[in-house]
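> model this:
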Amino acid sequence: MAVGQAHGTHQSGHPDAPWRARSAGGGEDWIDDIVVYAPSDMKRPQLIWKVIKDLRSRQIDLWIALPVVNATFGRLLRDMLFARFAGSQYSLGWRQSRVRLWRPLRSEQLRHPNEVQRLRGILRDEGIVVRDCAPTIWSGPEETKEAERLRAGPVPPAGPSSPWRLEPNVLLRPTNRWFRDRWVEIIRYLDQQGMYPILLGGKAEVALCGEIAQETGSQVTNLAGLTTIPQAGAVLRCCRAIVCVDSGLQHIAAMVGTKCVTLMAARDIYGSWHPDGRHIVLERRVQCHTCFVEVCPHDNLCMREISVDDVKEAVGSLLGRSGVGSG
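You can find the predicted model right below:
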């Protein structure tokens, strides 16, 4: 959700919220302040009241809601009450964007905007002018310097957590996973082609990426759990391409202008989470597509249909058979 004073917007809920807010608004100058709180802050009444008091102290005149695409009516009602308790006098932007009835047919027959386009559409429907420009992510000299140090190695052990530490939710949603043996094959292939693979991921993926790096027997740099979001952007800016599953990394790569080969599960409405720009998305329409499940009962059938050869061909097509430095 986003809340705004007369000329400002505040974004809340997730560690990458500032980048989501600026992506939706296209870097507009009406976003002049950002307030972030974690989902864990909303699990206890005293913490909820702390957030509400902070918002009330800002004397909010207008609450602009940017609901997540899968927001139910109950969730919207809950957030409306939260906005009212936070002291907002006016509110707009509330939408229920997803209807689960006949979802496979709707996914096949209708064109759906990706999430950035959908959020901009909500703002435009409310009369807010937003530029139709590409989302960006900020990485300054310090982030770039740290990214160069990490890429050069040797890689240090993971440090203490940061508010902006990269923590993709791939492992929390098993339906998005590809398979470890296939990642190993792809990395070996890239290494054989004279490319230098770099693994990126969140703290939850440190062990998995370590196992993959060890199994490849190739020269590979494992940065899983070591980068902040701006540092990951700086690393990706130096890469010619990224091969990834549906995660925050594909969107960060798109923001910094790095080409993506995305391995996309068919669990969601087609196109909803595709990265902005000219990228290659590998997504297989299996019979059970648009299931919205968190754990697949068919051993990730849609992801299993994406073969190693499919990925090799996509990488070659994306880069003109030249080369890449990505993970």
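
> Quick check: closest non-adjacent residue to Ser317.
In space, and not counting its chain neighbours, Ser317 is closest to Ile280: 6.7 Å by C-beta to C-beta, 6 or more residues apart in numbering. Every residue, glycine included, has its C-beta placed from N, CA and C.

> Could you check how far the one you found is from Lys43?
Separation of Ile280 from Lys43 (C-beta to C-beta, to the nearest Å) stands at 39 Å.

> for the residue nearest to Ser317, what are its contacts?
Residues near Ile280 by C-beta atoms under 8 Å, 6 or more residues apart in numbering: 259-262, 314, 317-318.

> Which entries within the residues you listed meet the buried criterion?
259-262, 314, 318 (16 or more other C-beta atoms under 10 Å).

> mind putting those residues in TSV, pLDDT, secondary structure and distance to Glu115 included?
What follows is the buried ones among the contacts of Ile280, written out as TSV (pLDDT from 0 to 100; DSSP: H, G, I helix; E, B strand; the rest coil; distance: C-beta to C-beta, whole Å):
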residue	pLDDT	secondary structure	distance to Glu115
Lys259	90	strand	20
Cys260	92	strand	15
Val261	94	strand	20
Thr262	94	strand	14
Ala314	94	helix	22
Leu318	87	helix	22
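
> quick one: which of the residues you listed is nearest Asn176?
Using C-beta to C-beta, Thr262 comes nearest to Asn176 of the buried ones among the contacts of Ile280, at 10.4 Å.

> That closest one and Leu282 touch, don't they?
Yes: assessed by C-beta atoms under 8 Å, Thr262 is found in contact with Leu282 at 6.9 Å.

> Can you report how many residues neighbour Glu294?
A total of 11 residues lie near Glu294 under the criterion other C-beta atoms under 10 Å.

> Same question for Gly87.
Neighbours of Gly87 using other C-beta under 10 Å come to 17.

> List the contacts of Asn114.
Here Asn114 is in contact with 271-276 (C-beta under 8 Å, 6+ apart).

> Give me the pLDDT value at it.
Looking at Asn114, its pLDDT is 78.

> now do Asn169
pLDDT at Asn169 comes out at 37.

> Number the residues from 35 up from this point.
All right, first residue 35 from here; so that's Asn203.

> just the strands in the chain please.
For the chain, the strands defined by DSSP state E cover 36-38, 43-45, 96-98, 124-126, 232-233, 255-256, 275-279, 293-297, 314-316.

> Need the buried ones among the contacts of Ile314 in a markdown table (columns: distance to Arg154).
A markdown table is the format used below for those (distance: C-beta to C-beta, whole Å):
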| residue | distance to Arg154 |
| --- | --- |
| Lys293 | 23 |
| Cys294 | 21 |
| Val295 | 26 |
| Thr296 | 21 |
| Ala348 | 28 |
| Leu352 | 26 |
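
> now the spatially most central residue of the chain: how far from Gly174?
Central residue of the chain (C-alpha atoms, centre = their mean): Gly282, 2.5 Å from the mean position. Distance, Gly282 to Gly174, by C-beta to C-beta: 20 Å.

> do Gln123 as well
Taking C-beta to C-beta, one finds Gln123 at 37 Å from Gly174.

> go on, Met76?
Between Met76 and Gly174 the distance, using C-beta to C-beta, works out to 31 Å.

> Show me which of these two is the more surrounded one.
Comparing Met76 with Gly174 by other C-beta under 10 Å, the one with more neighbours is Met76, at 14 against 9.

> Report how many residues lie close to the nearest residue to that one once chain neighbours are set aside.
Closest residue to Met76 apart from its sequence neighbours, by C-beta to C-beta, 6+ apart: Ile82 at 5.5 Å. Number of residues near Ile82 (other C-beta under 10 Å) recorded here: 15.

> circling back: Serialize the contacts of Ile314 to CSV and add fields for distance to Asp215.
What follows is these, written out as CSV (distance: C-beta to C-beta, whole Å):
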residue, distance to Asp215
Lys293, 25
Cys294, 22
Val295, 18
Thr296, 20
Ala348, 18
Ser351, 23
Leu352, 23
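
> Just flag the most distant two among these.
Thr296 and Ser351 (13.5 Å).

> Show me the shaky parts of this structure.
35-68, 70-75, 132-145, 166-173, 187-206, 355-361 (pLDDT under 70).

> Could you chop it up by domain?
When the chain is parsed with automatic domain parsing, its domains come out as 36-159, 198-353.

> So for Ala186, which of the ones you listed sits nearest?
Nearest of these (C-beta to C-beta): domain 198-353, 8.8 Å.
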